[in-house]
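**Student:** output the structure for:
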Amino acid sequence: MVATVALVLVAGFLVFPGNEHQRQRLLNLLGTSNHGVLLTPAVPFTGLAAKNADGATWSWLQPQPDWRLVVVGGAQCEDECRHLLYLTRQVHILLGNKSQRLQRIYLNLDTVLDSATAEHLGAEHPYLEMLYVDPEAFHQLVAGTNADWQPGAARAFLVDPHGIAMMFYSAEHDGGGMLEDIKHLFKYSPEP
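**Tutor:** The predicted structure follows:
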């Protein structure tokens, strides 16, 4: 029995990753249960100077709600972007009484929306928070990550209560997986 315990401890020390590369290799080997893609490295959105539709400075560290789904787009929100907004809206609705813990944000990388996009967002997504950030600052923030973001690419970033983007979804992801990931995170994160 002592040998079994000793063998488990030694194996644990040998397998335990010593750096980020080894941790990623172990995650790839063992797999994860999430449906979205873990953002590596996780990036703080708190460094993005965001402004709301009124031009006022907006803080990523607001206490309520504690989680955010941030869809990144521009002046024009085309098919992929609209599909991702639709998925995030459906997920938000399906959260039921836990929906107050999640906020949906459209992060506009342009100064103004075109009229078709503004009309679509107003009609289909009335509770969507609209924020504006500098496109170059956003590009620099995600440039060193695995998000593979390019201007015009539709991505939804899941941002934790500390303002850290830790997972992302593209238009190829399904709403069921996104919902499952968010419910899992809600289960293991304390309510404010």
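**Student:** so which strand or helix has residue 122?
**Tutor:** Following DSSP states H and E, one finds residue 122 within helix 115-124.
**Student:** CA atoms only: put that helix into CSV for me.
**Tutor:** The C-alpha trace of helix 115-124 is given here as CSV (Å, rounded to 0.1, in the frame of the first residue of the first chain):
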residue,chain,number,x,y,z
SER,A,115,-27.1,52.4,-40.6
ALA,A,116,-28.0,48.7,-41.4
THR,A,117,-26.0,47.4,-38.4
ALA,A,118,-27.4,50.0,-36.1
GLU,A,119,-30.9,49.2,-37.1
HIS,A,120,-30.3,45.4,-36.8
LEU,A,121,-28.7,45.8,-33.3
GLY,A,122,-31.5,48.1,-32.1
ALA,A,123,-34.2,45.8,-33.3
GLU,A,124,-32.8,42.4,-32.5
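**Student:** which is the next helix or strand following it?
**Tutor:** strand 129-132.
**Student:** now the strands for the protein?
**Tutor:** 37-44, 50-52, 57-58, 67-73, 102-108, 129-132, 155-159, 164-169 (DSSP state E).
**Student:** so what does the first one touch, helix or strand wise?
**Tutor:** In terms of contact count using 3 or more Cβ pairs under 8 Å, 6 or more residues apart in numbering; DSSP states H and E, strand 37-44 is assigned the packing partners helix 20-30, strand 164-169. No exception for glycine: its C-beta is placed from N, CA and C like everyone else's.
**Student:** ok, of these, where does mean pLDDT dip lowest?
**Tutor:** Of all the helices and strands packed on strand 37-44, the minimum mean pLDDT falls on helix 20-30 (a mean of 63).
**Student:** quick one on the thing from earlier: quick one: average pLDDT of the helix holding residue 122?
**Tutor:** Helix 115-124 comes out at a mean pLDDT of 87.
**Student:** pull out the buried positions in it.
**Tutor:** Residues of helix 115-124 classed as buried: 117, 120-121 (neighbour count, 16 or more other Cβ atoms under 10 Å).
**Student:** packed most tightly, which of the strands of the chain would that be?
**Tutor:** strand 155-159 (a mean of 25; mean count of other Cβ atoms under 10 Å).
**Student:** in contact with residue 133, which residues?
**Tutor:** 48-51, 107-109 (Cβ atoms under 8 Å, 6 or more residues apart in numbering).
**Student:** quick check: which of the strands of the chain is nearest to residue 185?
**Tutor:** strand 67-73 (6.8 Å; Cβ to Cβ).
**Student:** who touches that closest one?
**Tutor:** So strand 67-73 is contacted by 45, 60, 81, 84-85, 88, 91-92, 101-109, 117, 138, 149, 153-161, 165, 182, 185-186, 189 (Cβ under 8 Å, 6+ apart).
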